[in-house]
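A.B. asks: Just need the structure, nothing else, for what follows:
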Amino acid sequence: MESLGVIFDIDGVLVDSNPVHFESWVLAAKEDGVEFTEKLFKETFGQTSRAIIENNWPHPLTSDQIHYFDQRKETIYRDHFDQNVSMIPGVFDFIEYLRQRDIPMAAGSSGPKINVDYVLDKIGVRPFLKAVVSGTDVERGKPFPDIFLCASEQMNVPPDRCVVIDDSLSGVQAAKAAGMKVFGFFSWGHEAREYEKADWVVRSFQELTPLFDQYLNFRNLDRG
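C.D. replies: Just a heads-up that it's a prediction; the model follows:
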């Protein structure tokens, strides 16, 4: 089979963590007297925390303060993870589907490395991944393509043979900027308009698997 790779976003795709991320933002911002609204959360979801703070805080912050609130938000998230976050149904079934077809997998998230490592180890998917790229590993997070291009390089799969599964507008934009196909994975806090540029839109892995199977068959026929 021609080489093909799949890159998973993490939050909203592997784990149902978006509500906890929002609550973490609310609590961290409150420490600085800032109201972090659901509207802002939706508009910035998928970006790195440092970029969100730099571009959206209502008053200027020093670099040390940006670093502090970046770290504070992510610490609150990890503290709330165990009690409030569950895996998205069907993740392991889809991973097994890919494994049976020898399709390499990666994770690409704008989250910091400490969070990405924490989540992947907690849910037990790391052994199946050929590459893991976080927002800490690149200079530019989503919507720039850097995270996905880095994952593509680490998997040794060309970008035009990679398929991304992401639930955010910035993730869809990053995937398309990288020259990759993308499944828009509808999750909490998002709207249909965010997936207009996606190649497919799904609400579950149960919907995704037959579409992915059709895509594989199409590629095989196209080559034949």
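
A.B. asks: What is the helix or strand of the chain with the lowest mean pLDDT packed up against?
C.D. replies: Using mean pLDDT, DSSP states H and E, the weakest-scoring helix or strand in the chain turns out to be helix 205-223, at a mean of 85. Judged by 3 or more Cβ pairs under 8 Å, 6 or more residues apart in numbering; DSSP states H and E, helix 205-223 is in contact with helix 91-100, strand 162-166, strand 181-185, strand 200-202. Yep, even glycine has a C-beta here, placed from its N, CA and C like the rest.

A.B. asks: Using CSV, please lay out these together with mean pLDDT and distance to Thr44.
C.D. replies: Shown next, in CSV, are the helices and strands packed on helix 205-223 (pLDDT from 0 to 100; distance: least, Cβ to Cβ, whole Å):
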stretch, mean pLDDT, distance to Thr44
helix 91-100, 96, 25
strand 162-166, 97, 15
strand 181-185, 97, 17
strand 200-202, 96, 21
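
A.B. asks: Could I get the full set of strands for the chain?
C.D. replies: Secondary structure of the chain (DSSP state E): strands at 5-8, 105-108, 131-133, 162-166, 181-185, 200-202.

A.B. asks: And the helices and strands packed on helix 205-223: which comes nearest Gly12?
C.D. replies: strand 181-185 (6.7 Å; Cβ to Cβ).

A.B. asks: tilt between the closest one and strand 162-166?
C.D. replies: Here strand 181-185 runs at an angle of 20 degrees relative to strand 162-166 (axes from the mean of the first three to the mean of the last three Cα atoms, to 10 degrees).

A.B. asks: Only the C-alpha atoms, please, for strand 181-185, written as CSV.
C.D. replies: Taking C-alpha atoms only, strand 181-185 is exported to CSV below (Å, rounded to 0.1, in the frame of the first residue of the first chain):
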residue,chain,number,x,y,z
LYS,A,181,-6.6,16.2,3.8
VAL,A,182,-8.6,16.9,7.0
PHE,A,183,-11.5,15.4,8.8
GLY,A,184,-13.4,18.1,10.8
PHE,A,185,-14.3,16.4,14.0
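
A.B. asks: Any chance you could list what contacts that strand?
C.D. replies: 9, 12-13, 162-167, 171-172, 175-176, 194-195, 197-203, 208, 211-212, 215 (Cβ atoms under 8 Å, 6 or more residues apart in numbering).

A.B. asks: try it again with 6 Å
C.D. replies: 13, 163-165, 167, 172, 175, 195, 198-202, 208 (Cβ atoms under 6 Å, 6 or more residues apart in numbering).

A.B. asks: which neighbours does it have in its sheet, and in what orientation?
C.D. replies: strand 162-166 (parallel), strand 200-202 (parallel) (DSSP bridges).

A.B. asks: most packed of those?
C.D. replies: Ranked by mean neighbour count, the strands paired with strand 181-185 are led by strand 162-166 with a mean of 27 (mean count of other Cβ atoms under 10 Å).

A.B. asks: Relative to Lys73, how far out is Ile114?
C.D. replies: 12 Å (Cβ to Cβ, to the nearest Å).

A.B. asks: Could you tell me the per-residue confidence at the nearest residue to Asp82 once chain neighbours are set aside?
C.D. replies: Of all residues not flanking Asp82 in the chain, Lys122 sits nearest, at 7.6 Å (Cβ to Cβ, 6 or more residues apart in numbering). For Lys122, the model assigns a pLDDT of 90.

A.B. asks: Output the longest helix belonging to this structure.
C.D. replies: Longest helix in the chain, counting residues (DSSP state H): helix 63-84.

A.B. asks: Can you spell out which helices and strands pack onto that one?
C.D. replies: In terms of contacts (3 or more Cβ pairs under 6 Å, 6 or more residues apart in numbering; DSSP states H and E), helix 63-84 is packed against helix 18-30, helix 49-56.
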